[in-house]
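S.K.: Sequence first, predicted model second:
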Amino acid sequence: MEVKELLNDVVASGSSDLHIKAGQPPIYRINGKIQRSTFPVLTKEDTKRLVYELMSEQQKSWFRDRLELDFTYELPGVARFRTNAFCQRGHIGAALRVIPIKIRSIDEWGLPEILKDIAEYHRGLVLVTGPTGSGKSTTIAAMVEYLNSLYRRHIITLEDPIEFVYEDNLCTIEQRGLGEDTDSFAEALRHVTRQNPDVVVVGEMRDLQTMQMAIRASEMGALVLTTLHTTDAAQTVDRILDTFPADQHQQIRLELSTALQAIISQALLRKLDGSGRTAAFEILICTPGVRNVIREGKAYQIYSLIQTGQKYGMQMLDQALKQMYMSGVVSYRDALSKCSDPEDFERSVSGG
């Protein structure tokens, strides 16, 4: 089995992920479910060969030193693969996420129209949140491509590793990967405002320094798009605050209440008809009322502000899930599993 043969089959099967593990055949994730492929069981020699075929000589050297590595592999004309190579029980393994060559638009994905308005903001912080594999990178890519098709802006992305590859249309887009083009998100953000960006995309706000620098960049006149692994808007605000020492909370609440423009939280669910997966969204727009509750440390009030903020394009995740279930798009069980408040969802669906 050659690696190109395997990767072509992964894409042809409609898989979102590939897992390479000694003692098992290649394992696919299709519509959110793990499935073993029809390829032969892999030996430890097979897994080492397959994973090393994905790497450059420099990447092999890094991997031998660190025993794990994030990188991207491209099969020209087919797809890109975000890859994490690692060792388990002394054997080399890998997890690969399929990244389409073509970046689909907001309309093609059927994403909420309000995302176009959010992408058009000229400054501030926009957070796209959700668990791993919920489509955060895809949502940001669609927003960047929307700008690229309509506006002349300078966009800089900071990624680990580079996922979607953009082609300049109206925008000028520069993509920087950790390890190859910069040492860290925080270090890149420290210098990014001197590079005259209109939009900065940060792969993930994974630590305190990155959060500080992302907020600062948004305050200095750029629109910053980034991600967090949180499930809804209120939890996102609390997560950011909890990252900082307690004696800084008041200052961070003040900065966040000024810089934050929107939080887009999403969850990915299997379609009931088995045709694939679809996303449910929670949208928070930072109105004066939202900024006030963030500043006062009352993030729990965000839920009620979203419920009453439909005229601004806001929606609760649980409202979106209910609508998808009532329309027959997803199952009751799957919708319930993604809810912020399962008990309230059950009462709402039952009419109680």
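M.R.: Thanks, I have it. Numbers count the residues shown, from 1 in each chain.

S.K.: where does the stretch 1-150 of the chain have low pLDDT?
M.R.: Within the stretch 1-150 of the chain, no stretch has pLDDT under 70.

S.K.: In the chain, what residue spans correspond to strands?
M.R.: 17-20, 27-30, 33-36, 68-75, 79-88, 91-100, 124-129, 154-159, 172-177, 199-202, 223-228, 260-270, 277-285 (DSSP state E).

S.K.: What lies in contact with the first one?
M.R.: The list of residues contacting strand 17-20 from outside it, by C-beta atoms under 8 Å, 6 or more residues apart in numbering, reads 6-7, 10, 26-29, 34, 42, 47, 50-51, 81, 93-98, 133. Yep, even glycine has a C-beta here, placed from its N, CA and C like the rest.

S.K.: 6 Å - rerun?
M.R.: Residues from elsewhere that reach strand 17-20 (C-beta atoms under 6 Å, 6 or more residues apart in numbering): 10, 27, 29, 47, 50, 93-97.

S.K.: about what we covered before: can you redo the strands of the chain as a markdown table with distance to Ile215 and mean neighbour count?
M.R.: Output for the strands of the chain, formatted as a markdown table (distance: least, C-beta to C-beta, whole Å; neighbours: other C-beta atoms under 10 Å):
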| stretch | distance to Ile215 | mean neighbour count |
| --- | --- | --- |
| strand 17-20 | 32 | 21 |
| strand 27-30 | 35 | 18 |
| strand 33-36 | 38 | 10 |
| strand 68-75 | 25 | 18 |
| strand 79-88 | 26 | 18 |
| strand 91-100 | 28 | 20 |
| strand 124-129 | 6 | 25 |
| strand 154-159 | 15 | 22 |
| strand 172-177 | 19 | 17 |
| strand 199-202 | 11 | 26 |
| strand 223-228 | 8 | 25 |
| strand 260-270 | 9 | 23 |
| strand 277-285 | 17 | 23 |
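
S.K.: Test my guess that Arg82 contacts Glu163.
M.R.: Yes: with contacts counted by C-beta atoms under 6 Å, Arg82 reaches Glu163, the gap being 5.5 Å.

S.K.: overlap in contacts of the two?
M.R.: What both Arg82 and Glu163 touch, as defined by C-beta under 6 Å, 6+ apart, is the set Ile99.

S.K.: ok, back up a step: closest one of the contacts of strand 17-20 to Tyr332?
M.R.: Arg29 (23.1 Å; C-beta to C-beta).

S.K.: quick one: the closest one from Gly93, how far?
M.R.: 15 Å (C-beta to C-beta, to the nearest Å).

S.K.: got the contact list for the residue most central in space within the chain?
M.R.: Centroid-nearest residue in the chain: Lys136, 2.5 Å away (criterion: C-alpha atoms, centre = their mean). Lys136 makes contacts with 128, 130, 227, as judged by C-beta under 6 Å, 6+ apart.

S.K.: and Thr182, what does it touch?
M.R.: Contacts of Thr182 (C-beta under 6 Å, 6+ apart): 176, 188.

S.K.: quick one: it from Val192, how far?
M.R.: 10 Å.

S.K.: What segments of the stretch 201-350 of the chain are helices?
M.R.: For the stretch 201-350 of the chain, the helices defined by DSSP state H, counting those that start in this stretch occupy 208-219, 233-243, 249-259, 288-295, 302-307, 317-326, 332-337, 342-350.

S.K.: Would you mind confirming that Gln209 makes contact with Ala186?
M.R.: Yes: Gln209 is within contact range of Ala186, at 3.7 Å (criterion: C-beta under 6 Å).

S.K.: how about stretch 229-249: buried residues?
M.R.: 230-237, 239-241, 243 (16 or more other C-beta atoms under 10 Å).

S.K.: and it, how far apart are its ends?
M.R.: Start and end residues of stretch 229-249 are separated by 20 Å (C-alpha to C-alpha, to the nearest Å).

S.K.: cool, stretch 280-294 as well?
M.R.: Per C-alpha to C-alpha, stretch 280-294 runs 24 Å from first to last residue.

S.K.: repeat for stretch 70-87
M.R.: End-to-end span of stretch 70-87 (C-alpha to C-alpha): 13 Å.
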